[in-house]
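Asks: Take a look and give me a structure for this.
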Amino acid sequence: MTLSEDRTKPPSIRNLNAADRRRSALRDQLWPGSSGKIWDMKDREAVKGFASVPRLLPWVLHLIKHLAKEIAGGDPSMSYLELWCRDFGQGIITISDEHECAFASGYSGKRAVRTWREHMFKLLEIGFILAEAVGNREYGYVLLLNPLAVCHRLHLEKKAPDGWWAAFVSRATAIGATIPPPLNAARS
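Replies: You can find the predicted model right below:
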């Protein structure tokens, strides 16, 4: 990509490879006609509302849940997942309605927004996000940090549970993901 190219356009979906064609053929053998019943991410004209998330997200959510127990006060993993579902690919999320974010994270009732804010603070504290206030809203903008680099840091700090890092690295290897150098969430 050159500097003059528009970086706001969504990335194009990669071309099908042999493994893609094998999985599609297997799907069609097991469920004939199923291609019309799935969410086809390649059809950007007809399909809207799709978010790209890391394939290692289940491992990341597991680690967040584990670390939240160490801090005490609930599980912020659903708030983190909800943030990923709001990302359009640039890593920045605008929080214009905290009530909506709280509800989408699974919180309801009179303490929903308070619980959501507490869980957002935990995500800040653990180092998975950065946040900027807008007016009276503590969370006006949120930056999603590279979760693989954050996980690497947490592993080096010996905050991951026994066996988690080996499972994480094994899955990363299986899907061809590269774990980047550890990332510190401190503002630069």
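Asks: alpha carbons only for contacts and neighbour counts from here, please
Replies: Noted.
Asks: low-scoring stretches of the chain, by residue?
Replies: Along the chain, segments meeting pLDDT under 70 span 1-14, 41, 43-44, 72-73, 185-188.
Asks: Going along the chain, name the strands of it.
Replies: 92-94, 129-134, 137-144 (DSSP state E).
Asks: can you put these in JSON lines and add distance to residue 37 and mean neighbour count?
Replies: Listed next are the strands of the chain as JSON lines, based on distance: least, Cα to Cα, whole Å; neighbours: other Cα atoms under 10 Å:
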{"stretch": "strand 92-94", "distance to residue 37": "30", "mean neighbour count": "18"}
{"stretch": "strand 129-134", "distance to residue 37": "35", "mean neighbour count": "17"}
{"stretch": "strand 137-144", "distance to residue 37": "32", "mean neighbour count": "18"}
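Asks: Kindly present these as a markdown table, with separate columns for distance to residue 154.
Replies: Formatted as a markdown table, those follow (distance: least, Cα to Cα, whole Å):
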| stretch | distance to residue 154 |
| --- | --- |
| strand 92-94 | 22 |
| strand 129-134 | 14 |
| strand 137-144 | 16 |
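Asks: So which of those is nearest residue 39?
Replies: Closest of the strands of the chain to residue 39 is strand 92-94, at 23.9 Å (criterion: Cα to Cα).
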